[in-house]
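**Student:** any chance you could fold what I've pasted below:
(one chain, ligands or ions: 2)
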Amino acid sequence: MRRRGFLAAGFAGFLAGCDRIAQSARGGDLLRAAEGWHKTAQRALNPPGALAPEFTRADISPFFRGNGTINPTNGDYQAHLAAGFADWRLRVTGLVERPLELSLAELRALPQRTQITRHDCVEGWSAIGEWTGPQLAALLDAAGVLPAARFAVFRCADELDGAMYYESVDLVDARHPQTIVAHSLNGAPLPVRNGAPLRMRIERQLGYKHAKYLTGIEMVSSLDGIGGGRGGHWEDRGYQWYAGI
Ligand SMILES: Nc1nc2c(c(=O)[nH]1)N[C@H]1C(S)=C(S)[C@@H](COP(=O)(O)O)O[C@H]1N2
Ligand SMILES: [Mo]
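**Tutor:** Ligands and ions are numbered 1, 2, ... in the order given. From the prediction side, this is the model:
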């Protein structure tokens, strides 16, 4: 499954891939009528390419709190932590031409994006931080997303309330320039509480969309049969799937 030199192949197919994905994403991926309306209204106010606000270093919060899982105790997370995440791998699987398995070093060797953004949690707090990592779009181009794919599902290492945390976005947000696989916060490797060694940043949506302790990105045609079928840990417990800010 491991691919070497995937970058050259991936970037060569960049333009063709973009066209294909733009076509398959158009028309709206409406999960349910109510959420579909919410998403359509949000997208009208905040068109697909619009960027979330970015801030300056002076705006960075002195402490970026952790929320939800802040130190996974299930599975082999603690062993990975003790080993400095040397063997942590990010898998890109599902509806792709070339499944990928990437080390942290490989992710750091890709072109990087750094962005200072505000994180908004539905529980009523916000924090500003500087995040760095490769754009998800680059990984998708390298893997070659198949035309049937409509969603990116983010798999996490932590169990919360008896279920493995997961999240999902459509291809518009998956390919958004500010959607990155972050390995650093404020210029240092992610603290454990903030999702070490990898977490998603989905900057135009609420905090629960930003999957921490990321182990996999799975391209799928439907969210049925994944978790509770509503596209994410908190969505399965009643929160909206399109959590536009
Ligand atoms: N894997 C995982 N990702 C997660 C969570 C979690 O519990 N587990 N909590 C979510 C919620 S509700 C928020 S607000 C943010 C919190 O990010 P932080 O811990 O860096 O503040 O992560 C989100 N991603
Ligand atoms: Mo949250």
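**Student:** ok, Val122 - contacts?
**Tutor:** Remark: with contacts taken as Cβ atoms under 8 Å, 6 or more residues apart in numbering, Val122 is in contact with Leu206, Gly207, Tyr208, Tyr239, Ala243. Every C-beta, even on glycine, is put in place using the N, C-alpha and C of the backbone.
**Student:** ok, the third one touching Glu167?
**Tutor:** Put plainly, it is Tyr208. Yes: using Cβ atoms under 8 Å as the test, Tyr208 is close enough to Glu167 to be in contact (7.3 Å).
**Student:** list the residues that contact both of those two?
**Tutor:** With contacts defined as Cβ under 8 Å, 6+ apart, the residues shared by Tyr208 and Glu167 are Gly232, His233.
**Student:** follow-up on the earlier one: what about ligand 1: which of the contacts of Val122 touch it?
**Tutor:** Among the contacts of Val122, the ones lying near ligand 1 by Cβ under 6 Å from any ligand atom are Gly207, Tyr208.
**Student:** tabulate the contacts of Val122 (a markdown table), appending neighbour count.
**Tutor:** Compiled in a markdown table, the contacts of Val122 are given as follows (neighbours: other Cβ atoms under 10 Å):
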| residue | neighbour count |
| --- | --- |
| Leu206 | 19 |
| Gly207 | 19 |
| Tyr208 | 22 |
| Tyr239 | 16 |
| Ala243 | 25 |
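**Student:** so how far is ligand 1 from Ala157?
**Tutor:** Using Cβ to the nearest ligand atom, to the nearest Å, one obtains 7 Å as the distance from Ala157 to ligand 1.
**Student:** looking at it, that residue is touching Leu81, isn't it?
**Tutor:** No: with the criterion set as Cβ under 8 Å, Ala157 and Leu81 do not qualify as a contacting pair; they are 10.2 Å apart.
**Student:** these two: who's more crowded?
**Tutor:** Ranked by neighbour count (other Cβ atoms under 10 Å), Ala157 and Leu81 place Ala157 first, with 22 against 15.
**Student:** how about the nearest residue to the more buried one, chain neighbours excluded?
**Tutor:** For Ala157, the nearest residue in space outside its immediate sequence neighbours is Tyr213; the separation is 4.0 Å by Cβ to Cβ, 6 or more residues apart in numbering.
**Student:** before we move on, what about Arg199?
**Tutor:** Using Cβ to Cβ, 6+ apart, the nearest residue to Arg199 is Lys212, at 4.3 Å.
**Student:** what's the neighbour count on the one you found?
**Tutor:** The number of residues packed near Lys212 is 26, by other Cβ under 10 Å.
**Student:** that concludes my questions; thank you for your assistance.
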